[in-house]
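**Student:** model the structure of this input:
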Amino acid sequence: MDKGHTSVQVLIALLLFKLHCPECIHFTRGNHEARMFLKGRVRKQTIRQYDEEVYNLMVEVINEIPVAIILGHKVLFIHAGIDSPDLTIDKMKAIPKGVDSEDHDLMSNLVWADPKDEDGLTESSAGLEFGPDISKAFLERNNLDRIVRGHTSVHDGFADQHDGRVITIWSAPTEGRGSYANFDSSLVLHVEHFDAFPIFSEIEDWSVL
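**Tutor:** Down below sits the predicted model:
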């Protein structure tokens, strides 16, 4: 949310898509949808373009966005990652709506975690890093097949990690290529690539949305 000069317009566009077809689009909250990022430039931009009421409403909407979704009872979509082999879907469901990720330890871990090649859990300057053994135990415990995440810029917009158990998708390239994940009705993954696109600040006519 804190990238570029059109954060509010991007959110409004996404919400309009959601209103138009509620079953066609779903959101998960990321690390940049947190108070530490929203209270600075985003707040100033929103108040300058609209007013304080719009900013407060935007934050309220963001704080209602779930941390993860599950597709077909088998694929977990989450912005960043997991924080423990003992993490369960019930624990994730118990995260209260309406709270900022900075005010909830589990949510904060989930929106910052990154996969690593070595086994185990380690702390980095940004957050937790989880290894192949952690993702394997988590998926088995929760009867899931795969984790699909973003959060990390990867070459060509796609990375297959942990023997296919963790997939990283990067769909906001400013250069090179990005990708998006397409699952068919049998939950078979197809990765589609595309070239970098103009940044939102270069879009002159938002009415086309």
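**Student:** all contacts plus neighbour counts: C-alpha atoms, from now on.
**Tutor:** OK.
**Student:** residue nearest the middle of the chain, spatially speaking?
**Tutor:** residue 79 (2.8 Å; C-alpha atoms, centre = their mean).
**Student:** mind checking how far that residue is from residue 107?
**Tutor:** Applying C-alpha to C-alpha, to the nearest Å, the value for residue 79 to residue 107 is 11 Å.
**Student:** give me the common contacts of the two.
**Tutor:** Taking C-alpha atoms under 8 Å, 6 or more residues apart in numbering as the criterion, residue 79 and residue 107 both touch residue 67.
**Student:** show me where the protein has strands.
**Tutor:** Using DSSP state E, the strands of the chain run over 68-71, 75-78, 114-115, 121-123, 128-130, 146-149, 158-161, 166-169, 177-183, 189-195.
**Student:** who does the fifth one pair with, and is each partner parallel or antiparallel?
**Tutor:** Partners of strand 128-130 in the sheet, by DSSP bridges, are strand 114-115 (parallel), strand 121-123 (antiparallel).
**Student:** hmm, who's touching that strand?
**Tutor:** By C-alpha under 8 Å, 6+ apart, strand 128-130 touches 81-84, 109, 112-116, 119-123.
**Student:** report the buried members of those residues.
**Tutor:** Buried residues within these, counting neighbours by 16 or more other C-alpha atoms under 10 Å: 81, 82, 83, 84, 109, 112, 113, 114, 115, 116, 121.
**Student:** contact partners for the nearest residue to residue 164 once chain neighbours are set aside?
**Tutor:** Nearest residue to residue 164, sequence neighbours excluded (C-alpha to C-alpha, 6 or more residues apart in numbering): residue 146, at 7.4 Å. Residues near residue 146 by C-alpha under 8 Å, 6+ apart: 74, 75, 76, 139, 164, 165, 166, 167.
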